[in-house]
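> Below is the sequence, then the predicted model.
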Amino acid sequence: MPDRLKKLLLALGLAASPTALSAQTAPAPAPAAQTTAVDADPALWVVKDADTTIYLFGTIHVLKPGLSWFDDGVKKAFDESQEVVLEMVMPDPQAMTALIQRLAITTGGPALPDKLAPDKKAAYLKALSDLGLPANAFDRTDPWFASTNLSLLPLIKLGYDPAAGAEAKITEAAKTARKTVTGLETAEQQLGYFESMSDSAQIALLNSTVAELPKMQPMIENMVAAWAAGDPDKLGAIMNEGLTDTPEVAKILLTDRNQRWADWIDTRLEKPGTVFIAVGAGHLAGKDSVIADLEKKKLKVTRVKY
């Protein structure tokens, strides 16, 4: 699978998300190098009718501490909202562990490395060693689980932290403000997107992840820079490169979900109130985004200037 797929997974947060990370394999985040806050102004949109206002905010699921974005227009929109909607509400650790055990753990058949071609197996084992992981770290997991973890662990070693990500910050603020928090999806649905892939697609994803590990740092840095600058066009260009190379994966992870969420927003406009929706920034960029789907429904989506 091409480099495009890893950009897609990173942007949507499905690879760079604490839902995918096994606590047993997670290294401690690297100490933050910056001591002063760096200002960021991510893009924010609004769609409204006479008695309903819905803000749309694109997130990055892992960030380095010290990036100041939850202020100005974003904070104002959040404060105005009675309801906060995320891609999913994180279940408690016990429930998450049980879900991973059910969906990602295998008990029979060959160990994961033995499912790989000899040259791919050697590269996979070297990647584990380079990350300080034992050779059997994912022996009894599905390939997609190994892939999502291998996408996230290098970022954590670089200082990116799920606890500093936008969802964590928004969830904490919503809890403090006693706002209602709901999810567009469940953890089971999100992990199920990967579980639904064929074995061959999962192995191809894992091989691609291993091959692209050296590119992970510039990839995430470019994405975060575009996000922080409030440049959805640039972010969309990064994401959409080579989209047609993986149409089946893009349909499962991106376009189908965007259409469902646009439908949800359209329906939510029938109920009065103010809502703050925060989803992976990749869902709000490009020609097949949630915003594009809303515009197809003849709804006016306006970029909030702040």
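Right, received. Where do you want to start? As the structure is a prediction and not an experimental result, all values here were calculated from the model.

> So residue 53 belongs to a strand, correct?
Yes: looking at residue 53 with DSSP: H, G, I helix; E, B strand; the rest coil, it is inside a strand.

> and stretch 231-238, how far from the chain's centre?
16 Å (CA atoms, centre = their mean, to the nearest Å).

> Could you list the buried residues of it?
Buried positions in stretch 231-238, judged by neighbour count with 16 or more other CB atoms under 10 Å: 231-232, 234-236, 238. For every residue, glycine as well, the C-beta is placed using N, CA and C.

> Kindly report the same for stretch 170-179.
170-171, 173-174, 179.

> Low-confidence stretches in this protein?
Filtered on pLDDT under 70, the chain yields the residue ranges 1-36, 239-247, 249.

> picking up where we left off before, tell me the one among the buried residues of stretch 170-179 nearest to residue 121.
Here the nearest of the buried residues of stretch 170-179 to residue 121, counting by CB to CB, is residue 171; it sits at 39.1 Å.

> what helix or strand does that closest one sit in?
helix 166-176 (DSSP states H and E).

> what helices or strands is that helix leaning on?
Judged by 3 or more CB pairs under 8 Å, 6 or more residues apart in numbering; DSSP states H and E, helix 166-176 is in contact with strand 52-59, helix 72-80, strand 83-88, strand 180-185, strand 273-280.

> Which among the ones you listed is found nearest to residue 118?
Here strand 273-280 is closest among the helices and strands packed on helix 166-176 (CB to CB), at 35.9 Å.

> Pairing partners for the closest one, with directions?
strand 52-59 (parallel), strand 83-88 (parallel) (DSSP bridges).

> Now do the shortest one: distance to the chain's middle.
Yep, that's strand 83-88 we're talking about. Centre to centre, stretch against its chain (CA atoms, centre = their mean), the figure for strand 83-88 is 14 Å.

> In CSV, could you pull the C-alpha coordinates for the helix or strand following it?
Downstream of strand 83-88, the first helix or strand assigned by DSSP H and E is helix 93-104. This file holds the C-alpha atoms of helix 93-104, laid out as CSV (Å, rounded to 0.1, in the frame of the first residue of the first chain):
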residue,chain,number,x,y,z
PRO,A,93,-9.5,1.0,30.2
GLN,A,94,-11.1,-2.3,31.2
ALA,A,95,-13.7,-2.1,28.5
MET,A,96,-11.0,-1.1,25.9
THR,A,97,-8.8,-4.0,27.0
ALA,A,98,-11.7,-6.5,26.6
LEU,A,99,-12.5,-5.1,23.2
ILE,A,100,-8.9,-5.4,22.0
GLN,A,101,-8.8,-8.9,23.4
ARG,A,102,-11.9,-9.8,21.4
LEU,A,103,-11.1,-8.1,18.1
ALA,A,104,-7.3,-8.0,17.8
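
> returning to what we had before: would you mind giving the strands paired with strand 273-280 as CSV with mean neighbour count added?
Formatted as CSV, the strands paired with strand 273-280 follow (neighbours: other CB atoms under 10 Å):
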stretch, mean neighbour count
strand 52-59, 23
strand 83-88, 22
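
> wait, what's in contact with residue 234?
Counting by CB atoms under 8 Å, 6 or more residues apart in numbering, residue 234 touches residue 226.

> rewinding a little: could I get the strands paired with strand 273-280 as CSV with distance to residue 199?
Converted to CSV, the strands paired with strand 273-280 look like this (distance: least, CB to CB, whole Å):
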stretch, distance to residue 199
strand 52-59, 31
strand 83-88, 26
